[in-house]
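Q: can you look at this prediction? I've put the sequence above it.
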Amino acid sequence: MVFTAGSALLDAVVLSVVSLEGTYGYKITQDVRKIMDVSESTLYPVLRRLQKDGYLETYDMEFQGRNRRYYKITSNGMILLDKYRSEWVLFRNGVDEILMGVSSGKEEK
């Protein structure tokens, strides 16, 4: 992908992936990589920060004889995700208006 993503967009994507179901770090990485180029060394600090800030919780489950750490979104995480989604619509509309010549329906003053 040519475009780089800022930290807020990465946070939003991670929260969105985790909101679908409790899931583990490697799967989160694979899901995020479907839309942006991100390494595990970039993603795991994001997961830890979101957890520290109270937006994600973790729990461990045994998988094939070892513990696997799972992440799930908290209620505060859902509030933040809803904010990101609202902001995304505004951002996307602005980008579409400029790059694609698509009018957002607002009249110029």
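A: Here it is on my side, so go on.

Q: those helices in this protein, which residues are they?
A: For the chain, applying DSSP state H gives helices covering 7-20, 25-33, 40-52, 75-95.

Q: need the winner for burial among these.
A: Neighbour counts (mean count of other Cβ atoms under 10 Å) averaged over each of those peak at helix 7-20, with a mean of 18. Glycine gets a C-beta too; all of them are placed from N, C-alpha and C.

Q: now the angle between helix 75-95 and it, please.
A: Orientation of helix 7-20 against helix 75-95 (axes from the mean of the first three to the mean of the last three Cα atoms, to 10 degrees) gives an angle of 130 degrees.

Q: residue ranges with poor pLDDT in this structure?
A: 1-5, 104-109 (pLDDT under 70).

Q: if I look at the closest residue to Val17 other than its chain neighbours, how far off is Val95?
A: Once flanking residues are discounted, Val17 sits nearest to Asp31: 4.6 Å by Cβ to Cβ, 6 or more residues apart in numbering. Per Cβ to Cβ, to the nearest Å, Asp31 is found 23 Å from Val95.

Q: and Glu21, by the same measure?
A: Applying Cβ to Cβ, the value for Glu21 to Val95 is 30 Å.

Q: which residue is nearest the middle of the protein?
A: Note on the chain: the residue nearest the mean C-alpha position is Val13, at 1.7 Å, using Cα atoms, centre = their mean.

Q: tell me if I'm right that that one and Met36 touch.
A: Yes - if you go by Cβ atoms under 8 Å, Val13 and Met36 touch, sitting 6.9 Å apart.

Q: so for Arg69, which of the helices of the chain sits nearest?
A: With distances scored as Cβ to Cβ, the stretch of the helices of the chain nearest to Arg69 is helix 25-33 (6.5 Å).

Q: what's the angle from that closest one to helix 7-20?
A: What separates the directions of helix 25-33 and helix 7-20 is an angle of 120 degrees, with the same axes, to 10 degrees.

Q: tell me what helix 25-33 is packed against?
A: helix 7-20, helix 40-52, strand 66-73 (3 or more Cβ pairs under 8 Å, 6 or more residues apart in numbering; DSSP states H and E).
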